[in-house]
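# sequence first, predicted coordinates after that:
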Amino acid sequence: MGHAAALTIYDAVKKFGWPEPGSEIISRELLLGDACNARCIFCCAKDLQDKAKWLSEEIILDNIRKWADEGAWLITFSGGEVTLYPGLEKISRYAKRQGFKSVQLLTNGLKLKEKEYVLSLAEAGVDEVKISLHGSDAATHDYLMQIPGAFENALIATQNLNDAGIKASFNFAVTSRNYKQMPLFAKLAGLELGVTGFCFMFSFYSGGMLEMGRSLGISYSDALPYLRLALKYMKAKKIVIESKMLSNFVPCIAPELVNLMSDWGSSGPESKSQVGIGNKVRIVKESYPERKEKLPLCSKCVYYDRCYGPDKGYVSIYGSSEFKPLSREAEHFPFETLYP
């Protein structure tokens, strides 16, 4: 028996009624709790896992109603590990009834090896799942997650999502163990698996990543040649970039990639996104001053009014010499995102 191909963004727009490419992404994210069944060595929240509690159903449903009334069309449930939450199907159905066009999950994918569970998510209205996949081979991904067999599990999970008619996407956290694999990962995800949505996330240096910064960290200067090669490969192979897919980058280290950076400044989808943490709701960009800092030379940069500066933890390890003020905006890499 054959398997279904991965849903593309165009398939998802047609099947689920998502807004057409070019539409504004109006999204909300709800953190259901910090419990997790993996032990990723770079995790910025690993100290929270052992004392994790789930958000109450009352708060979850209240936020869903409120955000639907505000006109958001995409809701993301995350954690911790979201698939451990016992009422996930219930709240997904509720979000669909409230009018959300898209219900998305962020997950390590371990539980998605169970085909019946994936089918239950599809029945509940889940239409996109972003799996954490941090390498192009088993040795790399399994080590970073500290779960033997996690890579093979992720491939099975992806196929289960395809068969259930759920759109699969990937998040790739850049570390010293995998940064050279970014071109190979683009080939694996975009060409071999046919996934049209994935993100390269330069890690925040807190929690596990800060603890292991010297051994697990990688500088922007060392990582960027491999990122540029991955993008050139994607361009050559016509691999679609759905939306801004470079996380925790800043313009001065790669000016030509500004149009692909998701969270560096006052424009783009994350500038208006909100996230529910406990019983509080926060605009995503309000968390940046806690993590990022403007350096003295930033005042001379053309992006000064829009950029929050580099990650504080990164600067504490690698210093600030990579970050140079720009006198003018650079010409963008010749890649257009489908969503602004």
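That came through fine.

# all contacts plus neighbour counts: C-alpha atoms, from now on.
Fine.

# those helices in this protein, which residues are they?
Secondary structure of the chain (DSSP state H): helices at 9-16, 57-69, 88-97, 115-123, 138-145, 150-164, 182-186, 207-211, 213-216, 220-236, 288-291, 312-318.

# closest to residue 262 out of the ones you listed?
helix 288-291 (12.6 Å; CA to CA).

# which one of the helices of the chain lies closest to residue 26?
Relative to residue 26, the nearest member of those by CA to CA is helix 57-69, separated by 9.8 Å.

# so what touches that closest one?
28, 30, 32, 91, 94-95, 98-100, 276, 279 (CA atoms under 8 Å, 6 or more residues apart in numbering).

# dump the helices of the chain to CSV, plus mean neighbour count, distance to residue 197 and mean pLDDT.
Listed next are the helices of the chain as CSV, based on neighbours: other CA atoms under 10 Å; distance: least, CA to CA, whole Å; pLDDT from 0 to 100:
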stretch, mean neighbour count, distance to residue 197, mean pLDDT
helix 9-16, 15, 8, 95
helix 57-69, 16, 24, 94
helix 88-97, 19, 21, 97
helix 115-123, 17, 19, 98
helix 138-145, 20, 19, 96
helix 150-164, 22, 13, 97
helix 182-186, 22, 10, 97
helix 207-211, 19, 25, 70
helix 213-216, 16, 25, 77
helix 220-236, 16, 12, 96
helix 288-291, 14, 24, 71
helix 312-318, 17, 27, 90
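
# residue 324: which of those helices is closest?
That would be helix 220-236 among the helices of the chain, by CA to CA, at 12.4 Å.

# roughly how far out does that closest one sit from the chain middle?
Distance of helix 220-236 from the chain centroid (CA atoms, centre = their mean, to the nearest Å) equals 18 Å.

# could you identify the most distant pair in the contacts of helix 57-69?
Comparing every pair within the contacts of helix 57-69 by CA to CA identifies 99 and 279 as the most remote, at 22.1 Å.

# so which of the two has more stuff around it?
Neighbours around residue 99 and residue 279, counted as other CA atoms under 10 Å, are more numerous at residue 99. The numbers are 17 against 12.

# quick check, the more buried one in contact with residue 70.
No. When contacts are counted by CA atoms under 8 Å, residue 99 is not listed as touching residue 70 (11.0 Å).

# hey, where'd the strands end up in the stretch 201-340 of the chain?
For the stretch 201-340 of the chain, applying DSSP state E, counting those that start in this stretch gives strands covering 246-247, 274-277, 280-283.

# list the contacts of stretch 144-157.
Contacts of stretch 144-157 (CA under 8 Å, 6+ apart): 38-42, 109-110, 112-115, 131, 133-134, 137-138, 141-142.

# gap between the two ends of it?
End-to-end distance of stretch 144-157 (CA to CA, to the nearest Å): 18 Å.

# what of stretch 206-215?
Stretch 206-215 has an end-to-end distance of 14 Å (criterion: CA to CA).

# and for stretch 79-88?
Stretch 79-88 has an end-to-end distance of 12 Å (criterion: CA to CA).

# could you dump the longest strand seen in the chain to CSV, C-alpha only?
The longest strand of the chain (DSSP state E) is strand 167-174. Extracted in CSV, the C-alpha atoms of strand 167-174 (Å, rounded to 0.1, in the frame of the first residue of the first chain):
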residue,chain,number,x,y,z
LYS,A,167,0.2,19.5,6.6
ALA,A,168,3.7,18.7,7.9
SER,A,169,6.4,21.3,8.6
PHE,A,170,9.7,21.3,10.4
ASN,A,171,11.7,23.5,12.8
PHE,A,172,15.5,23.1,12.8
ALA,A,173,17.5,24.5,15.8
VAL,A,174,21.0,25.5,14.6
